[in-house]
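In: What follows is a predicted protein model with its sequence.
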Amino acid sequence: MNQPYKYTVDDSVLQVFLLASKRRREELLRIFDHLAAEPRSAGDSLQLDDTGRECQVKRFGSWTVTWWPEHLVSELHVIDVERLR
């Protein structure tokens, strides 16, 4: 059985997480865990980062999450989260 990937979060994601309520933090952790368990899943759309890397963008309930998988080291990098109002 494959182990889930580990995930990292950018500083901006960490700031959103730290300012969120306990309930919202738990939502984000569930999303991050889901993505780490399914690192090859596709987002709803693609977005290029500053280096030209293709990043997945997907809506999860009231959150939009942007990430890219690094398969060589089994990591998933969450680079942006936005709470939709």
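Out: Done, it's in. Not measured: the values here are computed from a predicted model.
In: Tell me where this structure is predicted with low confidence.
Out: For the chain, the stretches flagged by pLDDT under 70 are 1-3.
In: Tell me where it has helices.
Out: Remark: helices assigned in the chain by DSSP state H are 11-19, 22-37.
In: Next, format the ones you listed as TSV and append mean neighbour count.
Out: Using the backbone N, CA and C atoms, a C-beta is placed for each residue, glycine as well. Output for these, formatted as TSV (neighbours: other Cβ atoms under 10 Å):
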stretch	mean neighbour count
helix 11-19	13
helix 22-37	15
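In: So which of these is nearest residue 65?
Out: When the helices of the chain are compared by Cβ to Cβ, helix 22-37 sits nearest residue 65, at 5.8 Å.
In: ok now that closest one, how far from the chain's centre?
Out: 9 Å (Cα atoms, centre = their mean, to the nearest Å).
In: likewise stretch 47-67?
Out: Counting by Cα atoms, centre = their mean, stretch 47-67 comes out at 8 Å from the chain centroid.
In: same thing with stretch 62-70?
Out: The answer for stretch 62-70 is 3 Å, by Cα atoms, centre = their mean.
In: who's residue 7 bridged to?
Out: Partner residues in beta bridges with residue 7, using DSSP bridges, are residue 76.
In: quick thing: my sequence starts at 291, can you match it?
Out: Right, with 291 as the first residue, what we last looked at is residue 297.
In: do you know how far it is from residue 316?
Out: 15 Å (Cβ to Cβ, to the nearest Å).
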